[in-house]
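Asks: take a look and give me a structure for this.
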Amino acid sequence: MRFKDKAALITGGGRGIGATTALMLLAEGANVGIVDVNEANMKKVSETAQARGYGLKTFVGDVSKKEQVESFMEAFVQTFGRIDILVNNAGIVINRPFFEKTAEDWMKTLQVNLIGVFLCAQAAARYMLRQKSGKIINISSIRGIEHCGREGVMDYSASKGAVINLTKTMAKELAPYINVNAVAPGHTLTEMTEPLPQEVKRSMIEGAYLKRMAQPEDIAKAILFMASDDANFITGQVLLVDGGFSLK
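Replies: Numbers count the residues shown, from 1 in each chain. Predicted structure coming up:
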């Protein structure tokens, strides 16, 4: 029960890592809200939470739209009275070869994966600074680490690299009251990776020294650590959860 009476908001909480993180925070006593553009996905997560005996608040919103961000952030704080934890998990990926990649692909990816992180952090930090405490955890990716960018998703890779830089800069800006850190997952078994061809999944497994893909719970546990009091003296850092993939 590390998060008893804490209020946590997870963007992109309708499935995958976001949904798993929300359910694990609920199990440890937090008051939790999730944001997503897909109401049907959020309904499924809410039903799962309810079946486990928890209440979960859902907010429809697009993290790349400032007005919507301010609206759902205000609604969240009105519901719970405060915001202690923000997990910036919402993200998209557009897989397209280099010579077919468009400026529109880049703009859409950056608006969600980078600008969305900034907008949500900015909105949450206003409330956190008033209470003089808060944790912001930004979800980057192994693809955002130096040499680990991938050709078909170079815009995604660049956006996740930028999230790391943004994390470090916000950690300076929002100190000493708000801790800002990033978690960089490796290849994870989620709805996003499930449709990939088996040969692609095999190469991902072979690329990791622990010889498996991550489960969403593996990533969520790292997020919960960064959100907990155990990480009170950690800020501006990136926690790689990649089974050793980045070592190659």
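Asks: that's a strand at residue 230, yeah?
Replies: No - using DSSP: H, G, I helix; E, B strand; the rest coil, the secondary structure at residue 230 is helix, not a strand.
Asks: and the closest residue to it other than its chain neighbours, what does it touch?
Replies: Leaving aside its sequence neighbours, residue 230 sits nearest to residue 2 (CB to CB, 6 or more residues apart in numbering; 7.9 Å). The way it works is simple: take the backbone N, C-alpha and C, and place the C-beta from them, glycine included. With contact taken as CB atoms under 8 Å, 6 or more residues apart in numbering, residue 2 is in contact with 28, 29, 224, 228, 229, 230.
Asks: how near is residue 2 to residue 165?
Replies: Per CB to CB, to the nearest Å, residue 2 is found 29 Å from residue 165.
Asks: now do the helix or strand where residue 44 lies: distance to the chain's middle.
Replies: Per DSSP states H and E: residue 44 is located in helix 39-51. Relative to its chain's centre, helix 39-51 lies at 18 Å (CA atoms, centre = their mean, to the nearest Å).
Asks: remind me what whichever helix or strand comes after that helix packs against, helices and strands.
Replies: For helix 39-51, the following helix or strand on the C-terminal side (DSSP H and E) is strand 57-60. Counting contacts by 3 or more CB pairs under 8 Å, 6 or more residues apart in numbering; DSSP states H and E, strand 57-60 packs against strand 31-36, helix 39-51, helix 66-80.
Asks: shouldn't residue 99 be within a helix?
Replies: Yes - applying three-state DSSP, one finds residue 99 inside a helix.
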